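Novice: need a 3D model of the sequence below.
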Amino acid sequence: MARYTTLRLGGPAGRLETATSAEEIVQKVQEAESRDEAVLVLAGGSNVVIGDQGFPGTVVLIRSRGYRVVAEDAGTVTVRVEAGEPWDDLVAATVAQGWSGLECLSGVPGSAGATPIQNVGAYGQEVAETITAVQAYDRTQRKVVLVAAADCGFAYRGSIFKYSDRWVVLSVDFRLTRSPLSAPVRYAELGRALGVEVGDRVPLADARAAVLRLRAGKGMVLDADDPDTWSVGSFFTNPVLEREAYEVLRERAADLGEPPSWPCPGDRVKLSAAWLIDKAGFGKGYAGPEGVAISSKHTLALTNRSGTARTADLVALAREIRDGVHDRFAVTLHPEPVLINCVI
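Specialist: Presented below is the predicted three-dimensional model:
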């Protein structure tokens, strides 16, 4: 499966099927179920870590393409996007059309169907803000259903679809604003890159270009010639702590200054996983076993730098980082990608 993941890791599939439409996706899944085989649905492979033993069942490669307008009015347009549509191609198209709402998610690898699964977000935008519904095959009820956004259970890098074998995403509906300007800039780093204040709006193309530059500088835009991009992007989510645990962290980090943090609902606090990793002694370029390493551009990306490593090597590095951060700060980091036949 290494050729189908951005990490270039993963053992063999028991059976490999390709589906080019929603109907074919359902058909391939149902056929595998009729054979009593486990099913793994895979599109861009940018948020998955597959073990060296591979996947013994059927892997369905999602290769459906395209999008169409399903509703519109004077101020908005709702676009239905097939699950296999490359995400950045979609973002580029919406920017070109003058549809605002996805521009800060430029350069995110993978497919459109994967975005609701982990509620993809970057530079102040999340897909939960524009998704109105997700069409999915419900493997429990054995039928295609339309899940309203309110029922998707969207949370920070999560949804009802994540870590669940029940749902197979077929298409996603996004409601976008007709505007030549971006949504108000929410992310200070992006504002600085654009030379504007938080809350300002800029031309869509300017926002997209700035985000792509920022992501590329962190090795977060796929590049076949750059080993720093042979990753799943951010490997760990930013931890969210209860106030008491946050105060423990502050005590442990007293010699390092105030940890970067952001308030969350319920008197909780979100921390920077990148800061924790770096201050625990795992800086950019930190080398793990057998050709895996932290990216030289961003501490959150774990890379298969050599291109010849094993998943076990990457998992060993992830485990070392997780345990090192916990020992130093009493904070447990959790992986962002889905782990298939491997455990940290």
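Novice: please count neighbours and contacts with C-alpha atoms only from this point.
Specialist: OK.
Novice: for the helix or strand harbouring residue 247, what is the average pLDDT?
Specialist: For residue 247, the host element (DSSP states H and E) is helix 243-252. The pLDDT scores in helix 243-252 average 93.
Novice: what residues does it touch?
Specialist: In this structure, residues lying in contact with helix 243-252 by Cα atoms under 8 Å, 6 or more residues apart in numbering are 258, 259, 267, 268, 269, 328, 329, 330, 331.
Novice: wait, the third one sits on residue 240?
Specialist: No: judged on Cα atoms under 8 Å, residue 267 makes no contact with residue 240 at a distance of 10.3 Å.
Novice: which ones among the contacts of helix 243-252 are found in helices?
Specialist: Judged by DSSP state H, the contacts of helix 243-252 include 328, 329 as members of helices.
Novice: let me know the closest of the contacts of helix 243-252 to residue 7.
Specialist: Of all those, residue 7 sits closest to residue 331, with 26.1 Å by Cα to Cα.
Novice: over to the closest one: give its phi and psi.
Specialist: Taking degrees, to the nearest 10, you get phi -120, psi 130 for the backbone angles of residue 331.
Novice: the helix or strand bottoming out on mean pLDDT in the chain pairs with which strands, and in what direction?
Specialist: When the helices and strands of the chain are compared on mean pLDDT, DSSP states H and E, strand 261-264 comes out lowest with a mean of 90. Strand 261-264 sits in its sheet next to strand 268-271 (antiparallel), going by DSSP bridges.
Novice: how far out from the middle of the chain is the partner strand?
Specialist: For strand 268-271, the distance from its own C-alpha centre to the chain's C-alpha centre is 20 Å (Cα atoms, centre = their mean, to the nearest Å).
Novice: average model confidence for stretch 268-286?
Specialist: Stretch 268-286 comes out with an average pLDDT of 97.
Novice: list the buried residues for that stretch?
Specialist: 268-280, 282-286 (16 or more other Cα atoms under 10 Å).
Novice: could I get the full set of helices for the protein?
Specialist: With DSSP H as the criterion, the chain has helices spanning 22-34, 87-97, 188-194, 204-217, 243-252, 273-279, 311-329.
Novice: ends of stretch 104-112, what's the gap?
Specialist: Taking Cα to Cα, to the nearest Å as the measure, stretch 104-112 stretches 15 Å from start to finish.
Novice: from the middle of its chain, how far away would it be?
Specialist: Taking Cα atoms, centre = their mean, one finds the center of stretch 104-112 at 8 Å from the center of the full chain.
Novice: contacts for it next, please.
Specialist: With Cα under 8 Å, 6+ apart as the contact definition, stretch 104-112 has outside contacts at 43-47, 81-88, 90-92, 121-126, 171-172, 207-208, 211-212, 215, 220-222.
Novice: distance of the residue with the largest distance to the centre of the chain from residue 279?
Specialist: The outermost residue of the chain, judged against the average C-alpha position, is residue 255 (33.0 Å), by Cα atoms, centre = their mean. Relative to residue 279, residue 255 is positioned 11 Å away (Cα to Cα).
Novice: coming back round to it: okay if I get the helices of the chain as TSV plus distance to residue 291?
Specialist: TSV is the format used below for the helices of the chain (distance: least, Cα to Cα, whole Å):
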stretch	distance to residue 291
helix 22-34	36
helix 87-97	29
helix 188-194	32
helix 204-217	22
helix 243-252	32
helix 273-279	19
helix 311-329	8
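Novice: if I pick the residue most central in space within the chain, what's in contact with it?
Specialist: Closest residue to the average C-alpha location of the chain: residue 120 at 5.1 Å, with Cα atoms, centre = their mean. Residues touching residue 120, when contacts are defined by Cα under 8 Å, 6+ apart, comprise 126, 127, 157.
Novice: out of those residues, who has the most neighbours?
Specialist: Most neighbours among the contacts of residue 120, by other Cα atoms under 10 Å: residue 126, with 23 neighbours.
Novice: where's that residue relative to residue 105, distance?
Specialist: Distance check for residue 126 against residue 105: by Cα to Cα, it reads 8 Å.
Novice: okay, buried residues for stretch 81-101 please.
Specialist: Taking 16+ other Cα under 10 Å as the neighbour-count basis, stretch 81-101 is seen to contain the buried residues 81-88, 90-92, 94-95, 98-101.
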